[in-house]
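**Student:** no sequence for this one, just the structure:
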């Protein structure tokens, strides 16, 4: 029996009820109390307890071993319902799977998969069992993967709210699974959320959350940083549940220099071979729990850094330092650390964010990286392979950052009096991206010649994530023009931008290549506001590869989000969102724009109040705008088969522009 949504939401009191509607339930079963008694053999095998009550081991009819969490206090229906609604929406390999529940009077229980290896707290602090650095990194990576998924890859983002070793369960192979969603909260994508009921675990609670009640994913990042520090020190975050002694001691030690910080590492893993890896993990932990919430990295950035560190560990070779999100408080700390690499600024802002690159080349890493990315093949195609030193000279030490977004940072450079752009990627596709896929991607991007597509010049392959060099992009992105400036944009100009962008995407589709990351940020505009699409940061991949990569949720096709299958209709969906931006001048991430227009799109003019007022001054524009709105709605239909092809989108937009020009000509007579 599936989870009955109405009964659960009835448990929730007050005005919050409408916010707690489950999107899906992943086949969660509704058990009776008698069934639970049979499953647990009348609660005969307790395996844990907490403030909520007791946990028992049981067995389903098919032999599956389960854990049954039984609430002692039965007047907690509100919290019970919220925990279930949050948990039932998560489907991730590193989250304990919810199997069912019981909601009978005086019998509130939750049934989950049984994870046999205990929790991380017992492993770290309740035993002397040896734990390799590789195993500790794997645990951290799996937890970060789950949190990154919860924060930015779910249909409705959420925060865990209680990340600590007690809530990280381990299987027999030390595989990690997050558990206990009693303090988890669903997040609004449109506004900041606060709570007066500030609850958490001392030693792990974000001080910003403690002081203000702000619900933010960065609170999970803070708690994760404390757990990461526990993993490498094997020391408790707090004593007897009070204070933040571990964090304070490590921060003080780091401020005195890395030699002092190294004294805190678990001596069973602090060997000479791995000490620099531990340094970087410690720095990453400090970035996570820095007090300024804006200076903390996103969880997906943490995940990428951990993956790189594990690869460095397994290769046994010195790798580049991980990018550091330095606040003013940690800047002084890192300045005292003895780094001998060159620095590439990630931003021209005051956040003092830098990447550190190791100059150690005793393992011939440059040659190895070039080979792993198919450097010789790319050179044969005609792509220029730059060295790091050449790019430092070309960009004058990365002194001029011209743009930044969720994909990376772009710096202005000059080659033989010709301006170029050098892009440092924040996320490089997938950790397991194959060499052939990268070679095909770069080769195609280099060969593309289209008036509305930015051309690739070359790349640098000496880093784990290649640096890309391409023609200097036009003046500003469409996002900047729409949302950061107040200049007037005529309807004809908006149609011209839409047509040029759509033509670029249709051109890619003709080669069975899809962008996969279409946003107003990747559409660049020159001084005449003619569009050029950046296909390099997509990344541009063939539909047969089907890799997932980071993008802004508001633009992301829900079909792709569920299946991971990239098709031409994925770009059509995203383009529909961009088309809405063009006619409304509103950001889809910060308004109910998509939902409202999607619901009203088939009604004549019912959504016209959402349209940018400056283009409704001419009566004839209304019919054109109505057709553009209907086209946008068709582009982001939930059923991908009902969306038009990109060539059809181009044709319809061109017809609309012809109609607008004819109407304008008639009005001038």
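**Tutor:** In hand now; what should we look at? All values derive from a computational prediction rather than experimental measurement.

**Student:** show me where pLDDT drops low in the stretch 1-150 of the chain?
**Tutor:** For the stretch 1-150 of the chain, the stretches flagged by pLDDT under 70 are 1-26, 51, 73-75.

**Student:** all helices in it, in order from the N-terminus.
**Tutor:** 5-11, 33-39, 77-87, 120-125, 133-152 (DSSP state H, counting those that start in this stretch).

**Student:** same check, this time on the stretch 251-400 of the chain
**Tutor:** Going by DSSP H, counting those that start in this stretch, the stretch 251-400 of the chain shows helices at 258-262, 275-288, 299-315, 328-336, 365-372, 375-381, 388-394.

**Student:** ok, residue 70 touching residue 53?
**Tutor:** Yes: counting by CB atoms under 8 Å, residue 70 does reach residue 53; the two are 5.0 Å apart. The way it works is simple: take the backbone N, C-alpha and C, and place the C-beta from them, glycine included.

**Student:** mean pLDDT lowest for which of the helices of the stretch 251-400 of the chain?
**Tutor:** Among the helices of the stretch 251-400 of the chain, helix 328-336 has the lowest mean pLDDT, at a mean of 30.

**Student:** quick one on the thing from earlier: need the helices of the stretch 1-150 of the chain in CSV (columns: distance to residue 466 and mean neighbour count).
**Tutor:** As requested, those are exported to CSV (distance: least, CB to CB, whole Å; neighbours: other CB atoms under 10 Å):
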stretch, distance to residue 466, mean neighbour count
helix 5-11, 47, 15
helix 33-39, 53, 17
helix 77-87, 38, 22
helix 120-125, 35, 18
helix 133-152, 22, 22
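
**Student:** make JSON lines out of those and add distance to residue 495.
**Tutor:** Putting the helices of the stretch 1-150 of the chain into JSON lines (distance: least, CB to CB, whole Å) gives the following:
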{"stretch": "helix 5-11", "distance to residue 495": "43"}
{"stretch": "helix 33-39", "distance to residue 495": "62"}
{"stretch": "helix 77-87", "distance to residue 495": "44"}
{"stretch": "helix 120-125", "distance to residue 495": "56"}
{"stretch": "helix 133-152", "distance to residue 495": "33"}
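
**Student:** residue 531 is nearest to which of those helices?
**Tutor:** Among these, helix 133-152 comes nearest to residue 531, with 27.3 Å by CB to CB.

**Student:** which one of the helices of the stretch 251-400 of the chain is the most hemmed in?
**Tutor:** helix 275-288 (a mean of 22; mean count of other CB atoms under 10 Å).

**Student:** now that one, how far from the centre of its chain.
**Tutor:** 21 Å (CA atoms, centre = their mean, to the nearest Å).

**Student:** other SSEs contacting it?
**Tutor:** Using 3 or more CB pairs under 8 Å, 6 or more residues apart in numbering; DSSP states H and E, the elements in contact with helix 275-288 are helix 133-152, helix 217-233, helix 245-256, helix 258-262, helix 299-315, helix 328-336.

**Student:** ok, which of the ones you listed comes nearest residue 285?
**Tutor:** Here helix 217-233 is closest among the helices and strands packed on helix 275-288 (CB to CB), at 4.2 Å.

**Student:** give me the distance from that closest one to the chain's centre.
**Tutor:** With CA atoms, centre = their mean, you get 18 Å for helix 217-233.

**Student:** now the angle from it to helix 133-152?
**Tutor:** 180 degrees (axes from the mean of the first three to the mean of the last three CA atoms, to 10 degrees).

**Student:** got the angle for helix 217-233 vs helix 299-315?
**Tutor:** Using the same axes, to 10 degrees: helix 217-233 against helix 299-315 is 20 degrees.

**Student:** give me the contact list for the biggest helix by length in the chain.
**Tutor:** Ordering each helix of the chain by length in residues (DSSP state H) puts helix 646-668 first. Applying CB atoms under 8 Å, 6 or more residues apart in numbering, the contact partners of helix 646-668 are 491-492, 495-496, 498-499, 502-503, 505-506, 509, 568, 571-572, 575, 618, 620-621, 624, 627-628, 631, 635, 644.

**Student:** filter these down to the ones in strands?
**Tutor:** Among the contacts of helix 646-668, no member is found in strands (DSSP state E).

**Student:** buried among those residues? Make that a PyMOL selection.
**Tutor:** Buried subset of these, written as a PyMOL selection, criterion 16 or more other CB atoms under 10 Å:
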select buried, resi 491+495+496+498+499+502+503+505+506+509+568+571+572+575+621+624+628+631+635+644
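
**Student:** okay, and which of the contacts of helix 646-668 map to helices?
**Tutor:** The helices, defined by DSSP H, take in 491-492, 495-496, 498-499, 502-503, 505-506, 509, 568, 571-572, 575, 621, 624, 627-628, 631, 635 from those.

**Student:** wait, residue 448 sits on residue 533?
**Tutor:** No: counting by CB under 8 Å, residue 448 stays clear of residue 533, with 10.1 Å between them.

**Student:** in TSV: the helices and strands packed on helix 275-288, plus distance to residue 293.
**Tutor:** What follows is those, written out as TSV (distance: least, CB to CB, whole Å):
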stretch	distance to residue 293
helix 133-152	14
helix 217-233	5
helix 245-256	15
helix 258-262	23
helix 299-315	13
helix 328-336	13
